[in-house]
Every structure is written in C-alpha cells, then in structure tokens.
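J.: Here you go, sequence then predicted model.
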Amino acid sequence: MGAKAFKTLDDMGDVSGKRVLVRVDLNVPMNEGSVADDTRIRASAHTILELADRGAIVLLLSHFGRPKGQKNPNLSLSLVVGGIEDVLGRRIMFIPDCAGQAALDGVAVLRPGDIAVLENTRFHAGEEENNPALVADMAVVGDYYVNDAFSAAHRAHASTEGLAHKLPAFAGRAMEAELVALEQALGNPEHPVAAVVGGAKVSTKLDVLQNLVKKVDHLIIGGGMANTFLAARGVNVGKSLCEHDLTDTANAIMDAADKAGCTVHLPYDVVVAKQFAANAPNSIVNVHEVAPDDMILDIGPAAVEALGDVLKTCKTLVWNGPLGAFETVPFDKATVALAKTAAALTKEGSLVSVAGGGDTVAALNHAGVAADFTFVSTAGGAFLEWMEGKPLPGVDALKGA
C-alpha cells in the first residue's frame with residue numbers, strides 16, 4: 001500500500017465551518033482524575049490544531065476504558081478535557097453524547113475553529129459491533145471523517161471503520177506518518193531488511209515470526225523467546241523462561257526461514273544469573289555452558305557486537321520487543337547497546353528504523369534513543385497485527401474512501 005492509497009488532510013479542500021469528526025485515541029492512563037501520560041493526545045495535536053486553524057469545527061471521537069455499552073461516569077471523556085487543553089493550549093468543549101440528537105444539539109453552538117470532545121463512543125453498545133444504526137447516528141453529526149488513531153485501526157468498530165464508509169474519509173497527520181513509515185519498513189522496504197523480535201514468549205509472536213521470515217533478510221530473536229529457539233537447537237537453557245512445548249514450532253520457523261533465504265540470529269553468548277533480581281550476581285557464558293540452575297536474562301556482548309555488524313549491512317530495520325529483561329538492571333545492556341547502534345546508523349542516514357509496541361517504546365526511551373529512530377509507533381495491538389501481515393480494518397476503510 002503506497003502513501004497515496006489514502007486521502008490526507010491535503011485533499012480536504014476548504015473545511016471552514018465544516019464539522020469534522022476526528023477519531024483520536026484518548027484512552028489514556030489516569031491518576032487521581034488527571035491524565036498521567038499524554039503521549040496519545042500529543043500524537044494527534046498536529047491534526048486537531050491544523051483543522052481548527054483552517055476553520056473547521058473539530059469534533060473528537062474516542063473510546064475510553066471498557067464501559068461495555070453502558071454509561072459510566074468514571075469512564076466519561078469529560079475527565080480527559082483538562083489534559084487535552086494542557087497539550088493543545090486551547091479551550092475544549094465537552095458534548096455529552098457522540099451520536100444522534102443529543103450530539104447534534106451540543107455541536108449546534110460551536111463556531112468555526114472550535115474544538116470539542118464527544119462522549120465515550122463505547123457508551124453505545126453498537127460501537128464495538130460496528131452497528132449500522134449507530135454509524136448512521138454518528139455520521140449525521142459530521143460533514144467529514146478523519147482517522148488519526150492508528151492504535152485503534154485493528155478494530156472494525158463504528159468510530160474506526162464504519163464512519164469511513166458514510167462520510168468523506170481522510171487520514172490525519174499521525175495516521176499518515178504511521179502508514180508512510182510502515183510502508184517504508186515492510187510494505188516496500190529497501191533491502192537488506194532486519195527485524196528484531198523480542199519479548200517473553202514465542203506463543204504471543206508466532207504469527208509475527210511466520211510472516212517476517214518471508215519478508216526480511218535477517219531475523220534477530222531476543223528476550224525469553226530466544227531461549228525457546230535455543231532449546232529447539234538442543235541447547236540446555238537451565239532454569240530460563242522457555243516454552244519447551246513449542247520447540248517443534250521454533251524449528252519449523254527456522255526451516256521456513258532457510259527456505260526463504262532469511263538468516264535467523266540467535267545469541268551465542270548470554271548473561272546468566274541464579275536469580276532474577278536487580279543487580280543479581282551474573283556472568284557471561286557461551287550458550288553451551290549454561291548451568292542447570294542458571295537463568296538466561298540477556299544476550300551477551302559478543303552477540304550484540306555481531307548483531308551491530310549485521311545492522312551495518314542493512315538498509316531497513318523493524319523492531320518489536322526487548323533483547324533481555326531490560327526493566328531490571330543490568331539485564332538491559334544488550335537492548336540499550338543495539339538500540340544505540342541502530343540510532344547511530346539512522347542518524348548517519350544509512351538505516352531506516354521503525355519500532356513499535358509498548359515494551360519497545362519503553363526500552364528505546366530507556367536507552368535514550370527513541371527520538372533518533374526514523375519512526376516509533378505507540379500502537380501496541382495494531383503494530384503487532386501489521387507485523388503479522390493482517391489487514392487493519394481502520395486503514396483498509398480509508399483506502400476505499
């Protein structure tokens with residue numbers, strides 16, 4: 001899918017006085033009534049302010065928590081208004097419904113350039129069912145639809161997918177940047193392509209691995225899931241986290257990689273400890289020297305250096321998941337070291353680096369290099385499903401618009 005497969009704000013023309021329903025992701029963590037992390041609000045700030053400055057009446061749609069189709073004052077988006085005002089530096093109105101007459105009545109008083117938050121879309125049972133009647137009731141509130149919530153694009157809900165078929169539909173600036181980056185990373189990337197896939201369990205990333213071996217030249221496996229692959233190769237991984245029942249699956253993935261001409265990189269030196277705790281006594285050993293009471297908690301320095309050399313030969317990198325137990329010092333060293341190498345190669349212009357997923361964003365922020373990657377996606381589920389090669393309903397609906 002090329003960047004021109006969908007319309008953007010550049011294609012909207014004159015929106016002065018027009019009501020624009022903008023699907024954003026305001027499902028933000030709260031702490032004692034205040035927004036604890038405004039990353040998702042900031043992601044859509046560009047789109048919201050651009051439309052307001054172009055004279056649109058900007059109507060923000062989002063879900064918030066899991067109210068299961070019932071009104072719940074503890075999950076009202078009115079709680080998030082202050083956090084949005086802090087980010088945008090503008091006054092934000094609140095409208096106590098997102099569909100039908102109640103929403104129309106609230107919108108009627110707004111003037112060009114005004115911004116309002118509509119109530120939680122999931123207060124309506126039809127939202128998650130993509131109910132046509134609810135879609136129609138939402139659509140009457142707006143003249144245009146803009147989707148700027150890639151993080152919700154893997155869901156075929158009324159506000160993420162249904163509306164794109166009812167109103168002229170466009171990608172917001174954050175969505176546009178995300179789709180362009182993803183196209184660059186896996187859709188039509190410059191080869192050689194490397195993928196780093198880490199995390200605790202192979203079982204959660206099976207579809208990702210099976211899709212990637214057909215698309216990338218180098219598959220770098222880290223985290224607890226590397227132990228399952230090592231065990232599949234006959235390595236004794238001691239007391240390490242390992243899904244021994246998936247060794248056949250791991251072997252099948254490695255066989256598929258061989259057939260596709262994809263090199264799978266497993267660590268040959270590892271950091272082991274007798275217990276999993278911060279600053280636990282640890283040592284670096286060859287993978288064939290792991291003791292029965294050892295736990296593998298990170299990739300070793302020789303393996304990291306070799307992986308850095310692999311990245312130097314590549315043009316594109318996709319990263320999802322840490323290489324070790326990065327939240328616990330000193331088992332963050334491999335993730336930090338390889339992330340710094342990737343960031344340096346990106347800065348010098350030899351590597352396009354795209355990363356995504358919650359743990360990954362935290363790991364790159366911990367390494368202090370998130371800003372140096374070409375693109376870091378804050379989407380969790382949607383980024384994973386994209387890596388699995390699955391269609392994303394919210395994106396596909398924009399393509400047909």
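T.: Nice, thanks for sending it over.
J.: Domains in the chain, by residue range?
T.: 3-174, 189-387 (automatic domain parsing).
J.: so which of these comes closest to residue 395?
T.: Proximity to residue 395, assessed across the domains of the chain by C-beta to C-beta, is greatest for domain 3-174 (5.0 Å). C-betas here are computed from N, CA, C, even on glycine.
J.: Format the domains of the chain as a markdown table; extra columns: distance to residue 395 and mean pLDDT.
T.: A markdown table is the format used below for the domains of the chain (distance: least, C-beta to C-beta, whole Å; pLDDT from 0 to 100):
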| stretch | distance to residue 395 | mean pLDDT |
| --- | --- | --- |
| domain 3-174 | 5 | 95 |
| domain 189-387 | 9 | 95 |
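J.: and residue 399, which of these is closest to it?
T.: That would be domain 3-174 among these, by C-beta to C-beta, at 5.0 Å.
J.: I'd like the domains of the chain written out as JSON lines, with distance to residue 397 added.
T.: Formatted as JSON lines, the domains of the chain follow (distance: least, C-beta to C-beta, whole Å):
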{"stretch": "domain 3-174", "distance to residue 397": "4"}
{"stretch": "domain 189-387", "distance to residue 397": "14"}
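J.: Can you lay out these as CSV showing distance to residue 393 and mean neighbour count?
T.: Putting the domains of the chain into CSV (distance: least, C-beta to C-beta, whole Å; neighbours: other C-beta atoms under 10 Å) gives the following:
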stretch, distance to residue 393, mean neighbour count
domain 3-174, 4, 20
domain 189-387, 10, 20
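J.: Those domains: which one's closest to residue 394?
T.: Nearest of these to residue 394, taken as C-beta to C-beta: domain 3-174 at 3.3 Å.
J.: What segments of the stretch 201-350 of the chain are strands?
T.: With strands called from DSSP state E, counting those that start in this stretch, the stretch 201-350 of the chain shows them at 218-221, 263-265, 269-273, 282-286, 295-299, 316-320.
J.: Please apply the same query to the stretch 51-200 of the chain.
T.: Under DSSP E, counting those that start in this stretch, the stretch 51-200 of the chain gives strands at 57-61, 92-95, 115-118, 144-147, 169-171, 193-197.
J.: could these go into TSV alongside distance to residue 214?
T.: Shown next, in TSV, are the strands of the stretch 51-200 of the chain (distance: least, C-beta to C-beta, whole Å):
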stretch	distance to residue 214
strand 57-61	36
strand 92-95	46
strand 115-118	42
strand 144-147	29
strand 169-171	27
strand 193-197	11
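J.: Of these, which is nearest residue 177?
T.: Minimum separation from residue 177 across the strands of the stretch 51-200 of the chain (C-beta to C-beta) falls at strand 169-171, 9.2 Å.
J.: mind checking how far that closest one is from the chain centre?
T.: Relative to its parent chain, strand 169-171 has a centroid offset of 20 Å by C-alpha atoms, centre = their mean, to the nearest Å.
J.: Residue 115 is in contact with residue 95, correct?
T.: No. At 11.0 Å, residue 95 and residue 115 do not qualify as touching, with contact defined as C-beta atoms under 8 Å.
J.: What pLDDT does the model give residue 1?
T.: What the model reports for residue 1 is a pLDDT of 41.
J.: Name the nearest residue to residue 95, ignoring sequence neighbours.
T.: residue 106 (3.4 Å; C-beta to C-beta, 6 or more residues apart in numbering).
J.: how about that neighbour, what does it touch?
T.: Contacts for residue 106 (C-beta atoms under 8 Å, 6 or more residues apart in numbering) come out as 93, 95-97, 116, 118.
J.: As a check, name the ranges of all helices in the stretch 251-400 of the chain.
T.: Under the criterion DSSP state H, counting those that start in this stretch, helices of the stretch 251-400 of the chain are mapped to 301-312, 333-347, 358-367, 381-387, 393-399.
J.: And those helices: which comes nearest residue 170?
T.: Of these, the one closest to residue 170 (C-beta to C-beta) turns out to be helix 393-399, at 7.4 Å.
J.: same for that closest one, what does it pack against?
T.: Packed against helix 393-399 by the contact rule (3 or more C-beta pairs under 8 Å, 6 or more residues apart in numbering; DSSP states H and E) you find strand 144-147, strand 169-171, helix 173-182.
J.: Nice, that's everything, thank you.
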